[in-house]
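S.K.: Structure of the sequence below:
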Amino acid sequence: MARVAREMVEKAGVDVDKLLTLLVNNAAAELTTYYYYTILRANLIGLEGEGIKEIAEAARIEDRNHFEALVPRIYELGGKLPDDMKAFHDTSACPPANLPADPTDIKAMLTVLVDAERCAVRGYTAICNMVAGKDHRTYDLALAILNEEIEHESWFSEFLGEGPSGHFMRRGDTSPFVSKFLK
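M.R.: Numbering: from 1, shown residues only. So this is what the prediction gives:
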């Protein structure tokens, strides 16, 4: 644990235990979303599904990266991941991104994907609001993840016909905002 890091965050007025709960719950959401997106991606077949598969794969890989980037900060602040994977799954900040009853219903599939991203946007916005001006490292990390989650949401919402977002699919550059935390 980085003792001084936790001390500085506490002195800045952040409830570190509450922050750790949010970070662990969001890490659980990232790892479980990675898992559920694996299932969703495998079921994106046919003419309509194949067009979404690459975008779902980019979001899936980036969610795994978000998990990997969150873990060091959790431990730096004196937290830890639960020892039990089932318990960890159940602490997820977001509900499971389950395969819809009819996996050939692409609109239902996109709704699952966009809802998962919207939950993530809410979660990282809450963390940013909690630590803004108080915990610079956590803020920088949460903001980087938030930027990627907003892009994921925009990709899926465009397929649902909710309007243009101005965002474009990235080519060969996964986690452009979070990659600095993975080195």
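S.K.: So for the longest helix that the chain contains, what gets flagged as buried?
M.R.: Identified as the longest helix of the chain according to DSSP state H is helix 46-76. Across helix 46-76, burial judged by 16 or more other CB atoms under 10 Å covers 49, 52, 55-56, 58-60, 62-71, 73-74, 76. (Glycine included, C-beta is placed from N, CA and C.)
S.K.: now the strands for this protein?
M.R.: Taking DSSP state E as the criterion, the chain contains no strands.
S.K.: remind me which residues of it are low pLDDT?
M.R.: For the chain, residues meeting the criterion pLDDT under 70 lie at 1, 168-172.
S.K.: Now do the contacts for the nearest residue to residue 111 once chain neighbours are set aside.
M.R.: Spatially, and ignoring its direct neighbours in sequence, residue 111 is nearest to residue 160 (7.0 Å; CB to CB, 6 or more residues apart in numbering). Applying CB atoms under 8 Å, 6 or more residues apart in numbering, we find residue 160 in contact with 107, 110-111, 114.
S.K.: Residue 28: how many residues sit nearby?
M.R.: Using other CB atoms under 10 Å, residue 28 has 23 neighbouring residues.
S.K.: My error: substitute residue 32 in the last question.
M.R.: Using other CB under 10 Å, residue 32 is surrounded by 24 other residues.
S.K.: same thing with residue 138?
M.R.: Neighbour tally, residue 138, other CB under 10 Å: 26.
S.K.: Correct me if wrong: it contacts residue 9.
M.R.: Yes: judged on CB atoms under 8 Å, residue 138 makes contact with residue 9 at a distance of 7.4 Å.
S.K.: Mind listing the shared neighbours of these two?
M.R.: Taking CB under 8 Å, 6+ apart as the contact rule, residue 138 and residue 9 both touch 19, 77, 131.
S.K.: Just give the nearest non-adjacent residue to the second one, would you?
M.R.: Translated: residue 77. Nearest residue to residue 77, sequence neighbours excluded (CB to CB, 6+ apart): residue 6, at 5.1 Å.
S.K.: what do you get for residue 74?
M.R.: Leaving out its chain neighbours, the residue that sits closest to residue 74 by CB to CB, 6+ apart is residue 23, at 5.1 Å.
S.K.: give me every residue that touches that neighbour.
M.R.: Applying CB under 8 Å, 6+ apart, we find residue 23 in contact with 70, 73-74, 77, 79, 127, 138.
S.K.: Return the member of the residues you listed nearest to residue 38.
M.R.: residue 70 (19.0 Å; CB to CB).
S.K.: correct me, but the closest one touches residue 25?
M.R.: No: using CB under 8 Å, residue 70 is not in contact with residue 25; the gap is 10.2 Å.
S.K.: one step back: can you say which of the contacts of residue 160 are buried?
M.R.: In terms of neighbour count (16+ other CB under 10 Å), the buried residues within those are 110, 114.
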